[in-house]
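Peer 1: below: sequence and its predicted model.
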Amino acid sequence: MADLNRDITYTNRDFNTFRNSLIDYSKTYFPNTYNDFSSDSTGMLFIEMASYVGDVLSFYLDNQIQETFIQYARQQENLFDLAYMLGYKPKVTTAATATIAFYQQLPPTTDGSGATVPDFDYCLKIPANTQVTSNENPNINFIIEDTVDFSSSGSLDPTEITIYSLAGNLPTMYLVKKTRKAISATINTTTATFTTPSRFATVDIDASDIINVLDVFDSNGNEWYEVLNLSQDTVFNTITNASYNDPNAVQDDAPNLLELKQVQRRFTTRFLNGTTLQLGFGAGTVSDNDENIVPNPDNVGTGLAFSKDKLTAAYAPLNFMFTDTYGIAPSNTTLTIRYLTGGGLSANVASGTLTEYDASGIVFINPSISNNTLANQIFSSVATNNITAADGGQGADTIEEIRQNALGNFQSQLRTVTQQDYMIRALSMPANIGTISKAFIQPTKVAEYQLGELPTILDMYVLSYNSNKFLRTASSTLKQNLKTYLSEYRMINDSIKIKDAYIINIQVEFDIIVLPNYNNNETIGRGITAISNYFQIDNWNINQPIMIKDLLILLDKVEGVQTVMEVNIKNLSGVSKGYSQYSYDIKAATNNSIIYPSVDPMIFELKYPASDIVGRVVPL
């Protein structure tokens with residue numbers, strides 16, 4: 001019997017090493033059987049074919065292993081799947097947010113005392129999701145989130161009234177104003193028809209820049225609700241805070257009442273890639289109606305009448321009750337799906353540009369207006385304008401952002417415990433409420449504590465981008481969205497103060513000696529490009545210092561550079577010149593070739609690389 005104890009190694013990974021190892025193997029163990037290793041021999045044909053197969057199998061093995069780890073995966077579909085596994089929902093676009101003012105004129109009338117007042121019978125109602133368009137770019141659309149009712153006014157939704165025109169001392173027309181939050185989005189509609197029920201059926205929406213699903217209704221008018229996972233059979237529902245809904249309602253306490261609603265018709269969403277959003281449905285049949293429920297401790301401890309004991313179940317605040325069906329599967333119906341697309345950096349439009357609106361849904365509150373001429377005049381008086389510039393719009397997550405956000409999201413487990421958790425949560429805001437571009441958090445300084453405050457306050461410093469991807473302070477709307485979003489995740493004893501970080505604009509000057517036979521201008525151009533890439537704003541965070549030694553090494557590696565003589569950083573400021581209003585003493589902040597940030601959180605920004613990087617060639 002042949003001795004099969006061979007000296008085999010398993011380190012071969014490519015064609016050449018496979019080929020050489022097979023040749024060595026043949027020479028070692030079969031020296032008398034085969035010894036023709038010329039390139040055109042039959043034996044080499046089989047050796048090279050085996051090497052080819054081994055090379056291909058090694059490649060696919062390496063690729064499969066690599067694609068199972070989010071730290072190394074490169075294929076977008078795998079990155080998305082791994083991110084969802086870790087609890088993070090990647091963004092393919094981010095909507096900008098803006099505060100839009102709506103105006104309409106009202107004719108005068110007299111009250112019971114004979115005083116001249118606005119005639120609120122001519123008030124208009126602008127429905128939610130009304131589209132407002134930029135007058136500079138008709139492709140940039142915004143939609144308002146809530147209905148505009150000029151006839152109502154309260155502390156949470158005031159109506160401003162001013163005199164628009166006078167005849168002598170008497171008003172001939174009043175101007176009323178309301179403001180609403182809006183996001184940069186366009187409403188799109190698609191349908192999906194289902195016949196026989198299918199367990200965990202899915203529907204794919206293929207489009208660019210998908211923000212989220214707005215709503216889903218079936219042929220019978222039933223609404224389908226989006227949930228985080230199909231085992232979540234309850235959703236939050238809001239109803240008007242009025243006595244006919246709750247006898248104990250207090251009108252000035254809150255505009256809406258929050259309740260739990262048990263829903264059988266539900267779905268989840270997930271991005272398969274940058275252009276495909278998949279809706280997933282349940283596996284059950286219609287057995288229970290949707291109903292409002294009140295959480296009952298007895299149900300938690302003993303289980304429901306139709307289910308098993310729940311003593312060992314773990315309950316999350318958004319998943320109070322469990323079912324075995326994971327929702328019902330749609331059947332014999334057509335679903336009408338409305339979804340939002342848009343966002344991106346181009347949606348960060350300037351103030352005063354959102355002036356075009358869709359008037360198709362605007363109606364009078366009073367349906368029995370008899371003066372048609374005046375009604376037409378009032379209807380045509382509607383105007384819109386964004387008070388501040390839109391901000392928060394941003395493109396899709398990069399591959400590295402998906403990796404880092406997913407890993408951070410998994411560690412935080414949807415709860416914010418450490419400062420890093422708050423950072424990840426702020427940078428992971430849903431796309432439909434805007435995006436924080438830069439964030440930094442630290443405990444409040446002792447000197448800033450107010451009398452009676454507990455030492456659990458954190459200061460979060462944030463910044464956002466404008467349409468040109470320049471840093472700017474976040475608007476009050478974006479900060480309010482962030483505040484509301486963080487309130488759902490923060491620890492009960494933590495307090496968060498959201499503040500603006502300082503922006504410090506800089507100029508870079510460098511002197512180099514060029515190698516012989518190299519063009520000076522081309523070498524300077526390569527140096528400017530290297531510095532510009534180094535100061536790309538995506539690579540910089542709040543309170544990150546500038547390492548002069550890194551710049552010296554970077555320029556020294558540029559083709560054609562013999563010696564880097566000097567690199568200087570200067571501060572540029574002045575709003576009239578297009579820079580930040582804040583100045584910074586670069587010289588005083590430099591120690592051991594490191595430019596340190598200030599005590600108050602700030603970020604360095606090289607705003608205009610074409611003019612703010614100056615290179616010179618100096619002689620030996």
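Peer 2: Arrived safely, thanks for sending. Numbering: from 1, shown residues only.
Peer 1: list the buried residues for the longest strand seen in the chain?
Peer 2: Across the chain, the longest stretch assigned as strand under DSSP state E is strand 170-184. Going by neighbour count (16 or more other Cβ atoms under 10 Å), the buried part of strand 170-184 is 171, 173-184. Every residue, glycine included, has its C-beta placed from N, CA and C.
Peer 1: show me what it is packed against.
Peer 2: Contacts defined by 3 or more Cβ pairs under 8 Å, 6 or more residues apart in numbering; DSSP states H and E place strand 170-184 against strand 97-106, strand 108-110, strand 116-118, strand 141-144, strand 160-167.
Peer 1: the same query, at a cut-off of 6 Å, please.
Peer 2: Here strand 170-184 touches strand 97-106, strand 141-144, strand 160-167, going by 3 or more Cβ pairs under 6 Å, 6 or more residues apart in numbering; DSSP states H and E.
Peer 1: which of the ones you listed sits most buried?
Peer 2: Mean neighbours per residue, mean count of other Cβ atoms under 10 Å, is largest over the helices and strands packed on strand 170-184 for strand 141-144, with a mean of 24.
Peer 1: what residues does that strand touch?
Peer 2: By Cβ atoms under 6 Å, 6 or more residues apart in numbering, the residues outside strand 141-144 that reach it are 129-133, 180, 182, 184-186, 354.
Peer 1: who wins for neighbours among the residues you listed?
Peer 2: Most neighbours among these, by other Cβ atoms under 10 Å: Ser184, with 33 neighbours.
Peer 1: which ones are touching that one?
Peer 2: Ser184 sits next to 95-96, 142, 342-343, 347, 393 when contact means Cβ under 6 Å, 6+ apart.
Peer 1: show me the shaky parts of the stretch 251-400 of the chain.
Peer 2: Residues of the stretch 251-400 of the chain meeting the criterion pLDDT under 70: 251-260, 285-325.
Peer 1: ranges for the helices of it?
Peer 2: Using DSSP state H, counting those that start in this stretch, the helices found in the stretch 251-400 of the chain span residues 297-302, 372-380, 399-412.
Peer 1: and this structure, what are its domains?
Peer 2: According to automatic domain parsing, the chain comprises the domains 15-66, 97-185+343-386, 187-341, 399-500, 503-617.
Peer 1: possible to save these as JSON lines with distance to Asn5?
Peer 2: As requested, the domains of the chain are arranged in JSON lines below (distance: least, Cβ to Cβ, whole Å):
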{"stretch": "domain 15-66", "distance to Asn5": "11"}
{"stretch": "domain 97-185+343-386", "distance to Asn5": "65"}
{"stretch": "domain 187-341", "distance to Asn5": "50"}
{"stretch": "domain 399-500", "distance to Asn5": "46"}
{"stretch": "domain 503-617", "distance to Asn5": "52"}
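Peer 1: of all the ones you listed, which one is nearest Phe80?
Peer 2: Proximity to Phe80 (Cβ to Cβ) singles out domain 187-341 among the domains of the chain, at 5.5 Å.
Peer 1: what is the neighbour count of Val599?
Peer 2: Using other Cβ under 10 Å: Val599 sits among 8 other residues.
Peer 1: list the buried residues of stretch 573-587.
Peer 2: For stretch 573-587, a neighbour-count test (16+ other Cβ under 10 Å) marks 579-580, 584, 586 as buried.
Peer 1: let me redo that: stretch 44-53
Peer 2: Of the residues in stretch 44-53, 44, 47, 51 count as buried by neighbour count, 16+ other Cβ under 10 Å.
Peer 1: what is the most widely separated pair among the buried residues of strand 170-184?
Peer 2: Longest span within these, Cβ to Cβ: Pro171 and Ser184, 36.8 Å.
Peer 1: now the closest residue to Ile548 other than its chain neighbours: how far from Asp421?
Peer 2: Of all residues not flanking Ile548 in the chain, Ser593 sits nearest, at 4.0 Å (Cβ to Cβ, 6 or more residues apart in numbering). Ser593 sits 34 Å away from Asp421, taking Cβ to Cβ, to the nearest Å as the criterion.
Peer 1: out of those two, which sits in the more crowded spot?
Peer 2: Neighbours were counted for Ser593 and for Asp421 using other Cβ under 10 Å; Asp421 has more, 21 against 13.
Peer 1: need the three-state assignment for the more buried one.
Peer 2: For Asp421, the assignment made with DSSP: H, G, I helix; E, B strand; the rest coil gives helix.
Peer 1: then Asp81?
Peer 2: Going by three-state DSSP, the secondary structure assigned to Asp81 is helix.
Peer 1: how many other residues sit next to it?
Peer 2: Residues contacting Asp81 under the criterion other Cβ under 10 Å number 16.
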